[in-house]
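Quick one, what's the 3D model for this:
(chains A and B)
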There are 2 protein chains.
Amino acid sequence: MMESATVTGNSPELTAEKVLEGDLRAAAKLMRDIDDGMPSALATLKLLYAHASRAEIWGITGSPGVGKSTLTDALITRLRGQGRTVGVVAVDPTSPFTGGAILGDRVRMQRHATDEGVFIRSLATRGHFGGITASTRGVVTVMAAMGKDVVIVETVGVGQDEVDIVAAADTTLVITVPGLGDDVQAIKAGILEVGDIFVVNKADREGAAGTAAQLESMLAMGRDQPRRAGWKPPVVQTSAAQKMGVDELMRAIAGHREVLKADGGRLLAARRRERARLEVLDILQARTLRMLEERLEADGRLQGLADEIASGRSDPYTVSETIMSGLFGDGMRSK
Amino acid sequence: MMESATVTGNSPELTAEKVLEGDLRAAAKLMRDIDDGMPSALATLKLLYAHASRAEIWGITGSPGVGKSTLTDALITRLRGQGRTVGVVAVDPTSPFTGGAILGDRVRMQRHATDEGVFIRSLATRGHFGGITASTRGVVTVMAAMGKDVVIVETVGVGQDEVDIVAAADTTLVITVPGLGDDVQAIKAGILEVGDIFVVNKADREGAAGTAAQLESMLAMGRDQPRRAGWKPPVVQTSAAQKMGVDELMRAIAGHREVLKADGGRLLAARRRERARLEVLDILQARTLRMLEERLEADGRLQGLADEIASGRSDPYTVSETIMSGLFGDGMRSK
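This is a model prediction of the structure:
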């Protein structure tokens, strides 16, 4: 009786075991718990981490509307055609008011919904204190531990968090479209530096060749990135909707994989070390902010203090100092 | 001698005095110090806050490439024509590798560079622990305290931080363009909810009327936002480059101001209370993360621990727990 009691319920050990067997319900529940920051989820992730190193991690980023989901869908089809299984983690911007992902899994990549070799999950940031990067990395770990051959992480490519997420992938694809490229803002330099492969999507549109040429010259001007180890990022033109260029993109990704694995996998190991470092920072940040949030909620004075500021009786700097002293004590305050 | 020694140097009192007099060099220096998180900058902001309530705060957001800067430029010209002074704070995504704003003040809005009634400042996030929202709000306070009649805050409209920044403005403009609007992703619902006025820019392009109609129907479907207090967000078509629709946009902003000030300024006061609350949260978050970062740097073990993870001897969850205990003690850890 005692023994069965320890394995029923949701013990981290049992959940980890189920996830490693590819149990979809256990994995989906774990991902929700990660998104909610449940302590049991962290305990499970500890157990899963050692089993998560085999999967290839691909990052896909670009502005809203460039067709990231359509392109991901085309890549899934190619990967499934090769007999490989796929996990997809899509990070949606949040609604600060409704607190949920607007585009759920339903409107994304619907035709793979009944394919057991494909697991798709959308994440949304919630509340003021984010934590989306730590949650995303946790969900990637779960998908890799489930045995997915490739895990694709898709984010909008503009906020710092979103760039950080894909910058830690094995191979990072940066997507743009013709018509956004008519000013220097279209691809921010920070994004230029994290890309391993650049994609001009919707290339059936006018101006695709010009956008590709502009990208190539920007890449040629940029200094060599140590993280690329001499790899010259190619610019691939695709039209995911019309299935043009997707095979070429798959070849570019495979070519980058070769470079990662060359020389005893030196470059891949370096990427993985950098990912480990970022992952620790993300978890520390998420935990520290959660600690702050819990204490603020327990404290409960924030709204009253905000009223004092708005009526001119105080200011945000004095108020936050008072709160910091109360929460962490004078010795814990930042100098 | 003693007295002159207390007012020379960069005492917060002296800096505040100079900023209130509109001293450009003192203001620019203070903004750099805010961006660098200098304690003296916080002390100065405390002194300035009470003088910062008169300015109108406009938020402008939208994807990269929709023409936010060109539109801001056109609004500046109109405001200067009305004899009003303007501050602009532009938040650039960061390069995580070069650690700086790529688009500096030089490529933005050059023709206002010699106009003393216009003050433009770009901010970049730096490092892993952000803090851009707190810095941005500080720079807005400085511009308002300098006596600018209108302070425009421009951000890319995708990351959570970027949405939070403009959501706290008095009037928030959400910009899109035709051609991005062909799928539901073009305007995320979170952005729909923070907008007070929607702009279809580059409206000389094909499909502008359709994009505007699509936006109008999305807005009609959405539930009424309490923060709008019955205001129906208009959709304005502009071509900032061709100077079309900018007068209409200025009228829409003035119309929203009327609503904010109606009924004894009840709605404006509510917005300012909400902004005060967000500002306190931003400062608390920035300070807490800075404390974490300082302790990590002092600690110096992170790279060694990352190597242990990458080689399979540990995992990020165990490592971050060890670091949290070391930094904050067991009692400070999040439950």
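
make it CA atoms for all contacts and neighbour counts henceforth
OK.

Starting from the helix or strand harbouring residue A:172, tell me which strands it pairs with and how they run.
In the assignment (DSSP states H and E), residue A:172 maps to strand A:171-176. Strand pairing for strand A:171-176, determined by DSSP bridges: strand A:56-62 (parallel), strand A:197-200 (parallel).

In a markdown table, list the ones you listed along with mean pLDDT and mean neighbour count.
Converted to a markdown table, the strands paired with strand A:171-176 look like this (pLDDT from 0 to 100; neighbours: other Cα atoms under 10 Å in any protein chain shown):
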| stretch | mean pLDDT | mean neighbour count |
| --- | --- | --- |
| strand A:56-62 | 92 | 24 |
| strand A:197-200 | 94 | 24 |
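
right, so of these, which gets closest to residue A:303?
Residue A:303 lies closest, by Cα to Cα, to one member of the strands paired with strand A:171-176: strand A:56-62, at 37.5 Å.

what about stretch A:234-244, how long is it end to end?
Terminal residues of stretch A:234-244 lie 16 Å apart, using Cα to Cα, to the nearest Å.

contacting residues around that stretch?
With contacts defined as Cα atoms under 8 Å, 6 or more residues apart in numbering or on different chains, stretch A:234-244 is touched by A:67, A:70-71, A:74, A:196-204, A:208, A:212, A:215-216, A:245-246, A:248-249, A:252.

Buried ones among the residues you listed?
Buried subset of the contacts of stretch A:234-244 (neighbour count, 16 or more other Cα atoms under 10 Å in any protein chain shown): A:67, A:70-71, A:74, A:196-204, A:208, A:212, A:215-216, A:245-246, A:249, A:252.

hang on, the earlier thing: can you tell me which of the contacts of stretch A:234-244 are in strands?
Of the positions in the contacts of stretch A:234-244, A:197, A:198, A:199, A:200 sit in strands, assigned by DSSP state E.

Can you tell me which of the residues you listed is closest to residue B:122?
Nearest to residue B:122 among the ones in strands among the contacts of stretch A:234-244, counting by Cα to Cα, is residue A:198 at 27.1 Å.

can you tell me how far the closest one sits from residue A:208?
Distance from residue A:198 to residue A:208, by Cα to Cα: 13 Å.

for residue A:118, same thing?
For residue A:118, the distance to residue A:208 - Cα to Cα - is 31 Å.

three-state assignment of residue A:78?
Using DSSP: H, G, I helix; E, B strand; the rest coil, the structure places residue A:78 in helix.

which residues touch it?
Neighbouring residues of residue A:78 by Cα under 8 Å, 6+ apart: A:247, A:250.

Break down the stretch 201-335 of chain A into its helices, ranges please.
Ranges of helices in the stretch 201-335 of chain A, per DSSP state H, counting those that start in this stretch, are A:208-221, A:246-299, A:302-310, A:316-328.

lowest-pLDDT helix or strand in chain A?
Within chain A, confidence by mean pLDDT, DSSP states H and E is lowest for helix A:2-7 among all helices and strands, at a mean of 43.

contacting residues around the helix or strand where residue A:30 lies?
Taking DSSP H and E as the criterion, residue A:30 maps to helix A:24-35. If you take Cα under 8 Å, 6+ apart as the criterion, helix A:24-35 is touched by A:15, A:18-19, A:40-42, A:123, A:132, A:135, A:138-139, A:142-143, A:146.

try stretch A:170-177
The contact list for stretch A:170-177, computed with Cα under 8 Å, 6+ apart, reads A:56-63, A:66, A:68, A:166, A:186-187, A:191-192, A:194-203, A:208, A:211, A:253, A:256-257, A:260, A:268, A:271-272.

Quick check: mean pLDDT of that stretch?
The predicted model gives stretch A:170-177 an average pLDDT of 91.

buried sites along it?
Neighbour count says stretch A:170-177 has A:170, A:171, A:172, A:173, A:174, A:175, A:176, A:177 buried, by 16+ other Cα under 10 Å.

Kindly report the same for stretch A:40-58.
If you call a residue buried by 16+ other Cα under 10 Å, then stretch A:40-58 has these buried ones: A:40-53, A:55-58.

mind listing which of these are in strands?
A:56, A:57, A:58.

Export the helices of the stretch 201-335 of chain A as a markdown table, with columns for mean pLDDT.
Listed next are these as a markdown table, based on pLDDT from 0 to 100:
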| stretch | mean pLDDT |
| --- | --- |
| helix A:208-221 | 86 |
| helix A:246-299 | 88 |
| helix A:302-310 | 84 |
| helix A:316-328 | 83 |
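
Residue A:154 belongs to a helix?
No: Residue A:154 is assigned strand when assessed by three-state DSSP, not a helix.

Provide the count of other residues in contact range of it.
Residue A:154 has 25 neighbouring residues, counting by other Cα atoms under 10 Å in any protein chain shown.

Go ahead and confirm it touches residue A:64.
No: using Cα atoms under 8 Å, residue A:154 makes no contact with residue A:64, being 11.3 Å away.

Which of the buried residues of stretch A:170-177 sits closest to chain B?
residue A:177 (9.9 Å; Cα to the nearest Cα).

State the distance from that closest one to residue A:63.
9 Å.

Check residue A:237 too.
16 Å.

helix or strand right after the least confident helix or strand of chain A?
Trace forward from helix A:2-7 with DSSP H and E and the next one is helix A:12-20.

Mind checking if that following helix is in reach of chain B?
No: contact of helix A:12-20 with chain B is not found when judged by Cα under 8 Å from any Cα of the partner chain; the minimum separation is 13.5 Å.

And that helix, what does it pack against?
The helices and strands touching helix A:12-20, judged by 3 or more Cα pairs under 8 Å, 6 or more residues apart in numbering or on different chains; DSSP states H and E, are helix A:24-35, helix A:39-48, helix A:132-145.

Kindly recompute the last result at 6 Å.
helix A:39-48 (3 or more Cα pairs under 6 Å, 6 or more residues apart in numbering or on different chains; DSSP states H and E).

Run through who's touching the helix it packs on.
Under the criterion Cα atoms under 6 Å, 6 or more residues apart in numbering or on different chains, residues A:12, A:16, A:33, A:34, B:317 lie in contact with helix A:39-48.

Next, the angle from it to helix A:246-299.
Helix A:39-48 and helix A:246-299 are oriented at 140 degrees to each other (axes from the mean of the first three to the mean of the last three Cα atoms, to 10 degrees).

Tell me how far helix A:39-48 lies from the chain's centre.
With Cα atoms, centre = their mean, to the nearest Å as the basis, helix A:39-48 stands 19 Å off its chain's centre.

Over to stretch A:236-253?
Relative to the centre of its chain, stretch A:236-253 is centred 22 Å away, using Cα atoms, centre = their mean.

got the buried residues for it?
Using 16+ other Cα under 10 Å as the test for burial, stretch A:236-253 gives A:236, A:237, A:238, A:239, A:240, A:244, A:245, A:246, A:249, A:252, A:253.
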